[in-house]
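Undergrad: Just the structure for this:
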Amino acid sequence: MTLKVNVMHIAKRRDSDRPAALLKGVALGALLLSLTARATTPVPSTTTEADPRRDAAVTAIETVLPSVVNIATETVVEHHDFYEQLFRDYYGAPRQERSVSLGSGVIIDEEGYLLTNFHVVSRASRVQVKLWDGREYDAQPLIATPGSDVALLKIKSKPGEKFKAIRFAKDDDLLLGETVLALGNPFGLGGSVTKGILSSRNRRPSTGSEPLKVEDWLQTDAAINPGNSGGPLVNLRGELIGLNVAVYREQQGMGMGFSIPVKQVSASLTRFFTPEWTDSLWFGAQIAAAPGPLTVSSVQTESPAWKAGMRKGDQVVQVNGKSPNSLIEFNRALCAMEDRPSQVIVKKGAERRTLTVQLLKLEALARQKLGLALLELTQGTAERLGIRSGENLYIEEVEPGSPAEKAKLQRGQLLAGINGQPTGDLRSLASALAGTARGDKARLSVIMPRRFGGGYVEFRQGMVDLELR
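TA: Numbers count the residues shown, from 1 in each chain. As a prediction, this is how the structure comes out:
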């Protein structure tokens, strides 16, 4: 009897535990369902996955494109023949024809200096540039080297306006077969891009009967159309490795484009960015434009730089308390002190020297070397003389006892060239005299006007040899 009671008691206790066990089972099932739902429901990621489309080429293009511009040039062609005077008398204006051409360029400094091909802007009467974002400006051609087909321009912008400048690759930092990008803005629609590889680091294509003036060209299979001439060729780091030139003739080869190597572009900039060309001031030294330490590449004897103690191989450390990071910054800092001496710190090895450089106006260069006071002809003055402006310098004064007086030069004559180089302005004169030393021989091309009755003027051109001082 007791046993039954115990059994029944135990059975009762088990029956009373069933609701609790059932609840535990339900809870466990709900937990499993919740875990299953969580496993099958997508969980938002806390990290952003990389877009597979955004590779190095896309990044380089986004970096470089704001530096690429469209260049539109307008050329006014005047006729100079028997019928020109009749046209002037009848219509009151010379016969003119206008032609428009398109090309590309690349900004190299935040102040608005840009590069393009010489053939894009040669003979242009007006140059306009259009940026990738639609902004348009006039631009002033400053200097060009036809032999290397490189031209420097300056955007005519508002004071303080800045632009996105491209970075330069180091000279000869080229990998055969590396991916390259050719950018341009041929129609001002925002830019175009082609992609290829660097096929050759040293190629000299024949142009037929015309001799090639560029020594070494980069070759790529990236398409370079005529409107892309002057645009940049860049590597995947977005660095300028070349300046696009043209596409090879279709009958001679398909898909072969060429660019001026950055080494030659830097060499042109070394000649371009001097106080003589940018500010009409005589400095007399050239600083290499290649990336790296700013190094003096040449110094004219008896120039302000020479007299200050600057020599070839010196590295520029500071200019007027600032450390320039580029040739353009150096030039800008030096020319900012036009009327006062500049303090330039240079070093060679472990030796550091502080130089005092006083820039001079270009008129002083002509007087020192030749003994001439020269003037640039305005358009009105040139018309009164019956000549074109920008082709000659007017001799206003001949210094007594100077090389010019010994060569019998006279006031009123025109200086047309020195040693075969045209001297249409004082900057051209400085270029012609660059690198000359005391005692060097110079051959001057001189135009001597001779007036007759009735306002008729005869121009005779002759050559005069003299010794520079």
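Undergrad: Let me see the contact set for the residue nearest to Gly390 when sequence neighbours are not counted.
TA: Closest residue to Gly390 apart from its sequence neighbours, by Cβ to Cβ, 6 or more residues apart in numbering: Gly424 at 4.7 Å. Heads up, the C-betas are built off the backbone N, CA and C, glycines and all. Residues near Gly424 by Cβ atoms under 8 Å, 6 or more residues apart in numbering: 390-393.
Undergrad: for the residues you listed, which one is nearest Val319?
TA: Closest approach between those and Val319, by Cβ to Cβ: Leu393, at 30.9 Å.
Undergrad: is it true that that closest one touches Ala432?
TA: No: in this structure, Leu393 is not within contact of Ala432 by Cβ atoms under 8 Å, at 10.7 Å.
Undergrad: Top of the contacts of Gly424 by number of neighbours, please.
TA: Taking other Cβ atoms under 10 Å as the neighbour criterion, Asn392 ranks highest of these with 26 neighbours.
Undergrad: and the nearest residue to that one once chain neighbours are set aside, how many residues sit next to it?
TA: Computed as Cβ to Cβ, 6+ apart, the closest residue to Asn392 that is not its neighbour in sequence is Leu414, at 4.0 Å. Residues lying near Leu414 (other Cβ under 10 Å) number 22.
Undergrad: again with Ser200
TA: Around Ser200 there are 15 residues (other Cβ under 10 Å).
Undergrad: Work out the gap between the helix or strand hosting it and the centre of the chain.
TA: Assigned by DSSP states H and E, Ser200 belongs to strand 192-203. Chain-centre distance of strand 192-203: 20 Å, with Cα atoms, centre = their mean, to the nearest Å.
Undergrad: With stretch 309-329 instead?
TA: With Cα atoms, centre = their mean as the basis, the mean position of stretch 309-329 lies at 20 Å from the chain mean.
Undergrad: Look up how far Leu355 lies from Ser266.
TA: For Ser266, the distance to Leu355 equals 24 Å [Cβ to Cβ, to the nearest Å].
Undergrad: meant to ask about Met448, not that
TA: Relative to Leu355, and taking Cβ to Cβ, Met448 is found at 43 Å.
Undergrad: on that earlier part again, contacts only, for the residue nearest to Asn392.
TA: So, once contact is read as Cβ under 8 Å, 6+ apart, Leu414 ends up touching 387, 392-395, 446-449.
Undergrad: quick one: the helices in this structure?
TA: 2-40, 56-64, 82-91, 118-121, 262-272, 275-279, 304-308, 327-335, 362-369, 379-385, 403-406, 426-433 (DSSP state H).
Undergrad: in this protein, which ranges drop under the pLDDT threshold?
TA: 1-48, 75-101, 188, 202-215, 246-255, 452-457 (pLDDT under 70).
Undergrad: what residue lies at the spatial centre of it?
TA: Leu115 (3.2 Å; Cα atoms, centre = their mean).
Undergrad: wouldn't that one be in contact with Leu152 here?
TA: Yes: if you go by Cβ under 8 Å, Leu115 and Leu152 touch, sitting 6.2 Å apart.
Undergrad: Who wins on neighbours among the contacts of Leu414?
TA: Asn392 (26 neighbours).
Undergrad: Distance check, it against Leu377.
TA: 7 Å.
Undergrad: Just the strands from the stretch 201-350 of the chain, written as ranges.
TA: Ranges of strands in the stretch 201-350 of the chain, per DSSP state E, counting those that start in this stretch, are 217-220, 232-234, 239-247, 257-261, 281-282, 285-287, 296-299, 315-319, 342-348.
Undergrad: Just name the most buried of those.
TA: Compared across the strands of the stretch 201-350 of the chain, strand 232-234 shows the largest average neighbour count, a mean of 30 (mean count of other Cβ atoms under 10 Å).
Undergrad: contact partners of stretch 280-289?
TA: Contact with stretch 280-289 is made by 266-267, 269-271, 273-276, 294-300, 302-306, 310, 316, 326-327, 330-331, 334-335, 338, 357, 359-362, 364-365, 426-427, 430, as judged by Cβ under 8 Å, 6+ apart.
Undergrad: Leaving out sequence neighbours, find the closest residue to Phe283.
TA: Pro275 (4.2 Å).
Undergrad: ditto for Glu376
TA: Asp425 (5.2 Å).
Undergrad: I figured the one you found hits Thr378, correct?
TA: No: assessed by Cβ under 8 Å, Asp425 is found out of contact with Thr378, at 11.4 Å.
Undergrad: Show me which of those two is the more surrounded one.
TA: Taking neighbours as other Cβ under 10 Å, Asp425 and Thr378 compare with Asp425 leading, 19 against 12.
Undergrad: Can you tell me what sits against stretch 334-346?
TA: In contact with stretch 334-346 (Cβ under 8 Å, 6+ apart) are residues 275, 278-279, 281, 283, 296, 308, 310, 314-321, 333, 352-359.
Undergrad: tell me the contacts of the closest residue to Asp172 other than its chain neighbours?
TA: Spatially, and ignoring its direct neighbours in sequence, Asp172 is nearest to Lys263 (6.1 Å; Cβ to Cβ, 6+ apart). Lys263 sits next to 171-172, 290 when contact means Cβ under 8 Å, 6+ apart.
Undergrad: Please convert the residues you listed to a markdown table, extending it with distance to Ser402 and neighbour count.
TA: Converted to a markdown table, these look like this (distance: Cβ to Cβ, whole Å; neighbours: other Cβ atoms under 10 Å):
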| residue | distance to Ser402 | neighbour count |
| --- | --- | --- |
| Asp171 | 42 | 19 |
| Asp172 | 46 | 11 |
| Ala290 | 39 | 21 |
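Undergrad: Distance to Ile418 added to those residues, as CSV?
TA: As requested, the contacts of Lys263 are arranged in CSV below (distance: Cβ to Cβ, whole Å):
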residue, distance to Ile418
Asp171, 31
Asp172, 34
Ala290, 29
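Undergrad: Could you single out the nearest of the residues you listed to Leu370?
TA: Closest to Leu370, out of all of these and judged by Cβ to Cβ, is Ala290, at 33.3 Å.
Undergrad: Sheet-wise, list the partners of the strand holding Ser200 with their directions.
TA: Sheet pairing for strand 192-203, assigned by DSSP bridges, gives strand 179-184 (antiparallel), strand 217-220 (antiparallel).
Undergrad: Throw those strands into TSV and include distance to Ser148, thanks.
TA: Shown next, in TSV, are the strands paired with strand 192-203 (distance: least, Cβ to Cβ, whole Å):
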stretch	distance to Ser148
strand 179-184	19
strand 217-220	11
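Undergrad: No more questions from me, cheers.
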